[in-house]
Structure formats: structure tokens, C-alpha cells
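*Asks:* Just to be clear, the model below is a prediction. Sequence and coordinates:
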Amino acid sequence: MTEALTIAFVPGVSPAKWARVWRERFPDVELRLRPIGAHEVDDALAGEADMVFAREPVSDVHDAIPLWTETAVVAMPKDSPLAEHTEVDLATTDVHVVDAGPVPADVDATLDLVEANVGVAVLPQSLFRAASRKDLVARTLAGAPGTRILLAWRTVDASETTEEFIGVVRGRTANSSRGGQEQPGPRPPVPDRRASDGTAVPGGRGTDRADGTGSRPSTAGSGSTSGSGSRGGKATAANSRTTAKRGATKGTSGKTGGGKAGRGKTQRGMKGKPKRGSKGNR
């Protein structure tokens, strides 16, 4: 980058917000601001200015990008009958026009005439606000295309510095500026894992091992976490349930001797073989 960047600007355009961003982002590159007249754009670019905020038209020998369009307004005294309207159509209004715009050659002199109640004048809204005439008001000019603001610079010596300033004006952030680091992309989604029976398990509790055996440890049998220990534990648990079921069947098919005896046999049958001497075996 160059050691300094000189930015000129015409009346009604304030580069303050872009200058603030530039000085925060590029503190090592001095930024100089130069106010110029509305018709001094070519002279400024031929001299020390690297870039200029200007109004159309500008010379074709310069590069330029459009930024925004200003609203055209009609300046008039506060007590003018036209002040009652929000929009004025001069083509259907019987009023003297001091300057039809779009930009008066001498804004202050033109507004002096309007203030003296000589007539009305057309100019960009930004210029009217910058003039700050307390005795005048402005109303939108009906059907006016407005004036467009451009950022222009010399073609022959465009540089990385001018490109960075264009990015600031266009709202480019520090992360998206030229030479900025690329932001990391989104992480890939985590696939559903599979249980030993082939069903999907989101998040993966009880997920399968690489060899296809279940990873959840067995609590029965020998207590081993291997595949064989798990199967042994399942077989032992199945035998216990079968024995309990047979005991329950015997308790209900023998002599009951009343509801109490029947309940006793059923409960003992659930534990295994009935003890001798019980009422159900007599």
C-alpha cells in the first residue's frame, strides 16, 4: 500500500463514517480528506487527490462506481403556499424558479435569492441541509430523477490501497476484505450408528463394535464384556426364567387347599423346588 491516501469530496457529501472505519482498519496508512467545489473534480484528480466523492457527470477518463442517488427538493420560504404540500410539481405550479437545478452553480447565492422571496430553487436535499437556512423549507420535487453520487479515481495509478477504500465504502467487513482469512465451513453431520440388531441409534449409546458384537457389557454369567460372555449371561438368565415358569405351573396344578395354600405353592415354585412337609405335598 501507499504511505497515504487522499480523498476529496464535493459539498453535501460527508466521508466521515468511511474515514473512521479506514483509520480503525488501516492505522498505518494515513488518510487525508480534502473538501473541493462541485466543479473541481477533474482538477482534484489531476492533482493530489487519489479518489473523489463527486456528483454526476464526471469525465470518462476516470474510473467510477455509483453509490447512491440524492433526492431533488424545491427550496422555498416557510410562509410559501407551496410549503403546505409534501411534494411539488413545478410544471403545474405558477411560481418563479430562480434555479432549476439539478445543482446550482452557487448554492449560497441561489438560496439568498430564495430567502429574499424572489422565487424557488431546485437542488439536492443534502446540499439544502448542509446550507442550514432556518427561514427556508424544502419539499420533494415530483418526478425528478435526483442526482447520483459517485466515487471516482484515476485509472492510471489505481492500487491495492484504492481497492481497499472501495471495499470500505461498499461495506466490506474486515473478515471479507481482500487478503482476509477464509472462514471455516460447517462441520459434517454425525451419521446414525447401528445397534447389533441392525437398527439405527442416533448419537450412539450401545453402538456396535467393529467386529459386529454388542459393546454394552453383560451383567449376568461370568461378567465378561466379550461377545461369548454376553451370550453365556443371556443363556443363564433364560434358564432361570424357564425354571421359575415351571415352578409356577406346579403350584397352580396341585392341591390348593384354599387360596392361601395355593398362593404359598406358587410363591415357592417361583424360587425353585417346593420344600418337603408343605401342605401342598401331603
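*Replies:* Looks like it arrived, so ask away.
*Asks:* who's in contact with stretch 121-131?
*Replies:* Surrounding stretch 121-131, the residues in contact under the criterion CB atoms under 8 Å, 6 or more residues apart in numbering are 11-13, 55, 70-75, 90, 97-104, 107-108, 110-111, 113-114, 136, 138, 141, 144, 146-147. Placement of C-beta: from N, CA and C, glycine included.
*Asks:* switch to 7 Å and redo it
*Replies:* The list of residues contacting stretch 121-131 from outside it, by CB atoms under 7 Å, 6 or more residues apart in numbering, reads 11-13, 70-75, 98-104, 107-108, 110-111, 114, 138, 141, 147.
*Asks:* Which of those fall in strands?
*Replies:* Of these, the ones assigned to strands by DSSP state E are 70, 72-75, 98-99, 138, 141, 147.
*Asks:* For ChimeraX, what selects the buried ones among these?
*Replies:* A single ChimeraX command suffices to select whichever of these are buried according to 16 or more other CB atoms under 10 Å:
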select :70,72,73,74,75,98,99,138,141,147
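*Asks:* Including pLDDT, could the ones in strands among the contacts of stretch 121-131 go into CSV?
*Replies:* Conversion of the ones in strands among the contacts of stretch 121-131 to CSV gives the following (pLDDT from 0 to 100):
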residue, pLDDT
70, 95
72, 97
73, 97
74, 97
75, 98
98, 96
99, 96
138, 97
141, 97
147, 94
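*Asks:* quick one: which of the ones in strands among the contacts of stretch 121-131 is nearest residue 26?
*Replies:* residue 70 (28.4 Å; CB to CB).
*Asks:* didn't that closest one look like it was pressed against residue 149?
*Replies:* Yes. A contact is recorded between residue 70 and residue 149 when judged using CB atoms under 7 Å, the distance being 6.5 Å.
*Asks:* so what sits against both of the two?
*Replies:* With contacts taken as CB under 7 Å, 6+ apart, not a single residue reaches both residue 70 and residue 149.
*Asks:* So, low pLDDT: which residues of the protein?
*Replies:* Using pLDDT under 70 as the threshold, the predicted model of the chain has low-confidence ranges 1-2, 176-282.
*Asks:* 80 instead?
*Replies:* Counting by pLDDT under 80, the ranges of the chain that qualify are 1-3, 157, 174-282.
*Asks:* show me where it has strands.
*Replies:* Along the chain, the segments classed as strands by DSSP E run 4-9, 30-35, 51-55, 62-70, 72-77, 87-88, 97-99, 120-124, 136-141, 147-154, 193-194, 200-201.
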